[in-house]
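A.B. asks: With the input below, show me the fold.
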Amino acid sequence: MATTASGLQADGTIRSSHKRVIFASSLGTVFEWYDFYLYGSLAAIIGKQFFTGLNETSQFIFALLAFAAGFFVRPFGAIVFGRVGDLIGRKYTFLITIVIMGTSTFLVGVLPGYSTIGVLAPVLLILLRLLQGLALGGEYGGAATYVAEHAPQGKRGLYTSFIQITATFGLFLSLLVILGTRMGMGNESFESWGWRIPFLISSVLVGISVYIRMQLQESPVFQQMKAEGKHSKAPLTEAFGRWPNLKLVILALFGATAGQAVIWYTGQFYALYFLTQSLKIEGTTANLLIAAALLIGTPFFVFFGWLSDKIGRKSVVLSGCLLAALTMFPIFKGLTHFGNPAVETAAATAPVIVTADPNACTFQFDPVGKQTFTSSCDVAKSVLAKKGIPYSNAAAPAGTLATVKIGDEVIESFEGTQLDKATFIARNKEFTAKVGAQVKAAGYPEKADPAQTNYPMLIVLLSILVLYVTIVYGPIAAWLVEMFPTRIRYTSMSLPYHIGNGWFGGFVPTIGFMLVAWKGDIYYGLWYPVIVSLMTFIVGLFFVRETKDIPLEH
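C.D. replies: Predicted coordinates for the structure are as follows:
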């Protein structure tokens with residue numbers, strides 16, 4: 001039977017050899033996501049290993065910032081490797097990105113901690129995260145473009161949805177390896193040194209990935225374009241230096257990928273951190289809950305990719321943005337109700353209120369461990385934040401000493417700005433003990449009680465969050481691929497995707513928990529993904545076109 005330049009049989013079906021190629025491409029991408037998300041899943045432990053010179057609140061936030069550093073450079077990786085992909089092809093770009101990613105991940109596993117080499121440890125860690133981000137920035141656009149350029153007309157949503165699964169499979173694989181290692185050696189050994197094992201396993205996976213990538217053939221659409229001399233000689237200039245295409249890039253970012261990204265990272269990462277940090281559910285249990293939700297939700301990536309072939313990419317993605325924005329707050333309140341009801345009960349029966357002069361309260365984020373937060377307001381909020389106690393704020397006249405009201409009991413803070421270090425430590429220890437005793441008496445739990453946790457309902461709620469992820473993420477690759485012409489497709493689609501997912505999405509955990517630490521409301525961090533999701537819904541609805549029937553050879 002005759003075969004077209006796009007690799008299709010004359011009857012419009014894709015050849016079996018190309019199905020194997022698509023599978024191989026997707027499997028390699030799974031391993032890249034595995035490498036990238038190991039850090040996110042282990043952020044709390046890594047914070048203790050590499051940022052021990054900081055206070056507890058800054059330690060976790062800075063660990064999240066190191067996680068976010070990999071996301072920050074993803075757009076730059078998209079520019080660098082997108083250009084390479086449009087100039088010399090998709091296959092060779094795959095090989096470069098997988099080697100960089102795998103090597104960087106392995107090195108994280110052997111990197112000495114803060115106690116061994118001091119400040120050099122977090123510096124090197126962040127450098128390795130930056131390399132990972134650069135590699136991932138070049139990976140996704142190539143994989144999505146490669147698969148789409150093999151897919152039959154009318155099935156691009158379905159075929160590219162398998163690329164969308166790779167991110168979740170990579171996260172799922174990382175969670176399984178982490179859980180297996182943790183359960184095999186116990187929590188104490190795992191948190192001491194065993195956390196390195198999942199990173200070291202990456203050396204095996206990268207070997208498999210390189211072998212897989214070596215078997216790939218170049219995209220037939222790219223081959224045909226290059227044979228006809230139509231490929232771009234300056235993809236960056238064409239993609240971003242000409243307004244018609246730059247306008248598409250901007251619309252793709254604000255009207256598609258930004259909302260998709262914040263929903264993705266809220267449903268899979270922020271939810272995990274919320275379970276462990278705010279609800280104090282044990283780490284292994286929280287990972288198992290997320291893994292169960294991912295297992296339930298993953299098939300829907302393919303379903304919504306298929307559905308977008310029938311009714312359009314735009315309607316599917318934007319409906320997911322609207323649904324998520326309208327229901328995030330009640331879902332997370334449901335997680336509290338079913339995950340650690342004692343927090344909900346205590347907050348209702350004995351609410352905590354910090355009354356202080358607003359001008360004396362600072363935004364307590366100290367990335368270098370040099371600032372001191374010694375005002376009476378900062379002292380009070382710092383103690384509550386470390387204990388994970390939700391609180392509200394009330395304004396007091398200027399110069400008023402801050403107080404913490406727990407139920408009917410009021411505890412006066414102290415002003416530490418004029419105290420010497422030893423005296424401040426002693427006073428703070430005394431104040432912390434008073435607050436700790438009172439919040440315990442008021443029913444605020446130090447850990448979630450497994451007997452009070454409704455695991456089936458947690459899985460249901462987490463699965464709904466993952467379902468939202470599949471709605472917005474399943475069709476996004478096909479939508480982006482179809483927006484741009486073949487000659488600059490890799491470069492053009494990669495940048496909005498990685499700004500959306502690298503910046504808007506990757507910073508969800510960091511921004512979320514910084515907002516929570518600032519306001520005291522454990523749900524306050526959700527305002528960020530809700531607002532971004534609504535922005536994407538509005539921009540996408542009025543300014544981004546439907547693309548499902550557009551031919552790729554344009």
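A.B. asks: where does the stretch 251-400 of the chain dip in pLDDT?
C.D. replies: For the stretch 251-400 of the chain, the stretches flagged by pLDDT under 70 are 364-372.
A.B. asks: Break down it into its helices, ranges please.
C.D. replies: 258-265, 271-273, 283-297, 299-311, 313-339, 341-349, 376-387 (DSSP state H, counting those that start in this stretch).
A.B. asks: now for the second one, which elements pack on it?
C.D. replies: When contacts are defined as 3 or more C-beta pairs under 8 Å, 6 or more residues apart in numbering; DSSP states H and E, helix 271-273 packs onto helix 283-297, helix 508-519. C-beta: built from backbone N, CA, C; applies to glycine.
A.B. asks: Any chance of TSV for these, columns mean neighbour count and distance to residue 80?
C.D. replies: Shown next, in TSV, are these (neighbours: other C-beta atoms under 10 Å; distance: least, C-beta to C-beta, whole Å):
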stretch	mean neighbour count	distance to residue 80
helix 283-297	20	31
helix 508-519	22	24
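A.B. asks: pLDDT (mean, whole number) over the helix or strand where residue 38 lies?
C.D. replies: According to DSSP states H and E, residue 38 maps onto helix 16-41. Across helix 16-41, pLDDT averages out at 70.
A.B. asks: before we move on, what about stretch 544-554?
C.D. replies: 82.
A.B. asks: Buried residues in it, which are they?
C.D. replies: 544, 547, 548, 552 (16 or more other C-beta atoms under 10 Å).
A.B. asks: Measure how far it is from the centre of its chain, please.
C.D. replies: 29 Å (C-alpha atoms, centre = their mean, to the nearest Å).
A.B. asks: contacts for that stretch?
C.D. replies: The contact list for stretch 544-554 (C-beta atoms under 8 Å, 6 or more residues apart in numbering) reads 6, 148-149, 153-154, 156-157, 221, 224, 251-252, 255-256, 308-309, 312-315, 478-479, 481-483, 485-486.
A.B. asks: Can you turn the buried part of those into a ChimeraX selection?
C.D. replies: Of those, the buried ones go into a single ChimeraX selection, burial set by 16+ other C-beta under 10 Å:
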select :6,148,149,156,157,221,224,251,252,255,256,308,309,312,313,314,315,478,479,481,482,483,485,486
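A.B. asks: Which neighbouring residues are in contact with the residue positioned nearest the centre of the chain, exactly?
C.D. replies: Central residue of the chain (C-alpha atoms, centre = their mean): residue 265, 3.9 Å from the mean position. Residues counted as contacts of residue 265 (C-beta under 8 Å, 6+ apart) are 501, 505, 506, 508, 509, 529.
A.B. asks: average pLDDT for the helix or strand containing residue 76?
C.D. replies: In the assignment (DSSP H and E), residue 76 maps to helix 74-88. The predicted model assigns helix 74-88 a mean pLDDT of 81.
A.B. asks: Can you give me the buried ones in the following helix or strand past it?
C.D. replies: Under the assignment DSSP H and E, the closest C-terminal helix or strand after helix 74-88 is helix 90-110. Neighbour counts using 16+ other C-beta under 10 Å place 90-94, 96-98, 100-109 of helix 90-110 among the buried residues.
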